[in-house]
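Participant: requesting a structural model of the entry that follows:
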Amino acid sequence: MRKINLAISGCMGRMGQQLIKSSKKNKNFNLKTLTEDRILNKKIHGIKLELNTDKAFKKTDIIIDFTIPKCTLEILKIASKLKKKVVIGTTGFDRNQENQIKKYSKIIPILKAGNMSLGVNLLMYLTEITAKSLTDDYLCKIFEVHHKHKKDFPSGTALMLGKGIADGKGKNLYNLIGKKYFNKKSFPYGDKINFNSLRKGEIIGEHEVKFSSGKEIITLNHEAFDRALYSDGALTAAKWLMKKKPGLYSMRDLLDFS
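Facilitator: Numbering: from 1, shown residues only. Take a look at the predicted model:
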């Protein structure tokens, strides 16, 4: 089978660096293009870093993007023009940006996930089942911890879990988002989903969903120990997406949870 020509955008970031390591070990991929949003006179594995341009992405089959929302949308504009597939691991999109991604997905295949981990996506599925099974007497809240360098909050994964709750209740996530706390030791349940984000040290990722009736508490949680968990998941997503038609996909589509 021909190797997949791969582009990694945001290659100097934490996930970009991990994706480079993982892709070099993966026999399904040929690392072809590395990009950043600024000019850097540097080579990695003999590949010269480029800006996000038509020329940079023309020689690739698929782009894996872990950058920032503004940069992701610029990449999608180029990818849709060149008919290139895109895996998005970027988080922090607002509602308008989410709608733009949906429009691009009508032109090219896009897989977007706030977290590429199998375990986290299973957790989201379990969260949905739990929310669907419990009565409205159960209030819920989400707690997440990441390294001190992470800027956006709540994390994309926390919002994924929030969507799991919303889907279970048959509601829209944006209508269920409650208060967003930052670096609080404790935080309350609410009529909507309250979030608390903690940033410290070099923690890769911890997420916890709690449901409480006042008489009992149900807790679902996940802890990540190795960043390769995410890069391996992104590469699995990229391989899977190669066979897909235009559309907006998620890790749940890949994992085929019933």
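Participant: what's the span of stretch 201-209 from first residue to last?
Facilitator: 22 Å (C-alpha to C-alpha, to the nearest Å).
Participant: could you measure from the residue sitting nearest the centre point of the chain over to F211?
Facilitator: Centroid-nearest residue in the chain, with C-alpha atoms, centre = their mean: G114, separated by 2.2 Å. Distance, G114 to F211, by C-beta to C-beta, to the nearest Å: 20 Å. Where C-beta positions appear, they are placed from N, C-alpha and C, glycine not excepted.
Participant: how about N194?
Facilitator: Going from N194 to F211 by C-beta to C-beta gives 12 Å.
Participant: again with K192
Facilitator: Distance of K192 to F211, given as C-beta to C-beta: 14 Å.
Participant: who has more neighbours out of these two?
Facilitator: Neighbour comparison, K192 and F211: the larger count goes to F211, with 21 against 17 (by other C-beta atoms under 10 Å).
Participant: next, find the distance separating the more buried one from H147.
Facilitator: Taking C-beta to C-beta, one finds F211 at 27 Å from H147.
Participant: quick one, helices of this structure?
Facilitator: 14-25, 54-58, 69-82, 95-104, 118-133, 156-169, 173-176, 228-241, 251-255 (DSSP state H).
Participant: quick one: average pLDDT of the first one?
Facilitator: Predicted confidence along helix 14-25 averages 94 (mean pLDDT).
Participant: for it, buried residues please.
Facilitator: For helix 14-25, burial by neighbour count (16 or more other C-beta atoms under 10 Å) applies to R14, M15, G16, Q17, Q18, L19, I20, S22, S23.
Participant: just the angle for that helix relative to helix 228-241, thanks.
Facilitator: 60 degrees (axes from the mean of the first three to the mean of the last three C-alpha atoms, to 10 degrees).
Participant: do you know how far V145 is from S155?
Facilitator: Taken as C-beta to C-beta, the span from V145 to S155 is 9 Å.
Participant: common neighbours of those two, please.
Facilitator: Any residue near both V145 and S155 by C-beta atoms under 8 Å, 6 or more residues apart in numbering counts here, and that gives S197, G205, H207.
Participant: next up, the contacts around the first one.
Facilitator: Pointing back at S197 there. S197 sits next to E144, V145, H146, F153, P154, S155, A158, K180, Y181, F182, N183 when contact means C-beta under 8 Å, 6+ apart.
Participant: now do the second one: how many residues are near it, please.
Facilitator: Meaning V145. Neighbours of V145 (other C-beta under 10 Å): 19.
Participant: and the last one, by the same measure?
Facilitator: The local packing of N183 (other C-beta under 10 Å) involves 10 other residues.
Participant: isn't it right up against F153?
Facilitator: No. Using C-beta atoms under 8 Å, N183 makes no contact with F153, being 9.3 Å away.
Participant: got any residues that touch both of those two?
Facilitator: Each of S197, R199 lies in contact with both N183 and F153 under the rule C-beta under 8 Å, 6+ apart.
Participant: and the chain, what are its domains?
Facilitator: Domain assignment for the chain by automatic domain parsing gives 4-112+227-255, 118-224.
Participant: now do the shortest one: distance from first to last residue.
Facilitator: Pointing back at domain 118-224 there. 11 Å.
Participant: just the pLDDT for S258.
Facilitator: Note on S258: pLDDT of 60.
Participant: got a list of what L176 touches?
Facilitator: Counting by C-beta under 8 Å, 6+ apart, L176 touches G162, I165, A166, K169, K192, I193.
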